[in-house]
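1. Any chance you could fold what I've pasted below:
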Amino acid sequence: MELDRSEIKPSQNGHKTNGTNGHSVAEHAHVHDLAIPKADFMSAERLTEIEDHVYHILEQIGEDPERDGLLRTPRRVAKAYAELLEGYAQDVQTVLNGALFEVEYDEGEMVIVADIPYQSMCEHHMLPFTGKAHVAYIPRDRVVGLSKIPRIVDMFSKRLQVQERLTNEIAETLQEALDPLGVMIVMSGEHTCGSLRGVKKHGVHMITKAVRGAFREDSNLRAEFYELIKHSAK
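-> Just a heads-up that it's a prediction; the model follows:
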């Protein structure tokens, strides 16, 4: 079962929304460079503070944080958040690390990096969602190192996210860094906030897309991209 939430619809007040939380898409139109210096991100003091809060949560649900099975749980949870949200300590410039190369590439031909696995955390419930990203761009005069595209996906996915914004942030980053003729991103995601709680429906995948430049203007390019990523999955 698939839900396509890539279409943005206007709300009653005239602002565009993503159809789920009523937030204006204008809030998410540009890349959110929220990088925190690595020295500050999840410092010992921050880890200890998170640990204390987890300890308190365990108490509030009626558990005994001092019993053997839970004695080290607050610390483990704090360290898990540090790993799952490490994208906040990264920025685009550092991730790309100068790996942009001038090349002669036939005009209109696309570069595709398909089936990039990712994991992120829903900002509404702080529960994970996972899936795959498919990235395409049409070079103007330069390309980016192959490993950098999965790293960009990781940087933005390892933050509190909604899938719609995540898709757009990846597209905007490539558009700004490469100045390509076009960019297209398709992402699928399975959200545990919908499978473990709430509606509790397993196997539901959300599909989002972001298109820029030539991909927006030419339906044949979009169709070619869809066909190629379909074959890559076989």
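2. which ones are touching the residue of the chain positioned farthest from its centre?
-> For the chain, the largest distance from the centre (CA atoms, centre = their mean) belongs to residue 67, which lies 36.9 Å off. Shown here is residue 67, which makes no contacts under the criterion CB atoms under 8 Å, 6 or more residues apart in numbering. All C-beta spots, glycine's among them, are computed from the backbone N, C-alpha and C.
3. rerun that using 10 Å as the cut-off
-> Residue 67 makes contacts with 58, 73, as judged by CB atoms under 10 Å, 6 or more residues apart in numbering.
4. can you pull the pLDDT of it?
-> The per-residue pLDDT reported for residue 67 equals 97.
5. Next: residue 43.
-> Reading off the confidence values, residue 43 has pLDDT 89.
6. same thing with residue 104?
-> 82.
7. which ones are touching it?
-> Contact criterion CB under 10 Å, 6+ apart gives 139, 141 as the residues in contact with residue 104.
8. picking up where we left off before, how close does the residue farthest from the centre of the chain sit to residue 124?
-> Residue 67 sits at a distance of 31 Å from residue 124 (criterion: CB to CB, to the nearest Å).
9. just to revisit the earlier point, what about the residue farthest from the centre of the chain, distance to residue 59?
-> Relative to residue 59, residue 67 is positioned 12 Å away (criterion: CB to CB).
10. domains in this protein, as residue ranges please.
-> Listed by automatic domain parsing, the domain ranges of the chain are 9-30+98-232, 44-84.
11. out of those domains, nearest to residue 90?
-> For these, the distance to residue 90 is smallest for domain 9-30+98-232, at 4.5 Å, taking CB to CB.
12. can you give me the offset of the closest one from its chain's centre?
-> Averaging C-alpha positions (CA atoms, centre = their mean, to the nearest Å) puts domain 9-30+98-232 7 Å from its chain's average.
13. do the same with stretch 43-52
-> Stretch 43-52 sits 25 Å away from the centroid of its parent chain (CA atoms, centre = their mean).
14. which outside residues touch it?
-> When contacts are defined by CB under 10 Å, 6+ apart, stretch 43-52 is touched by residues 36-37, 40, 42, 72-82.
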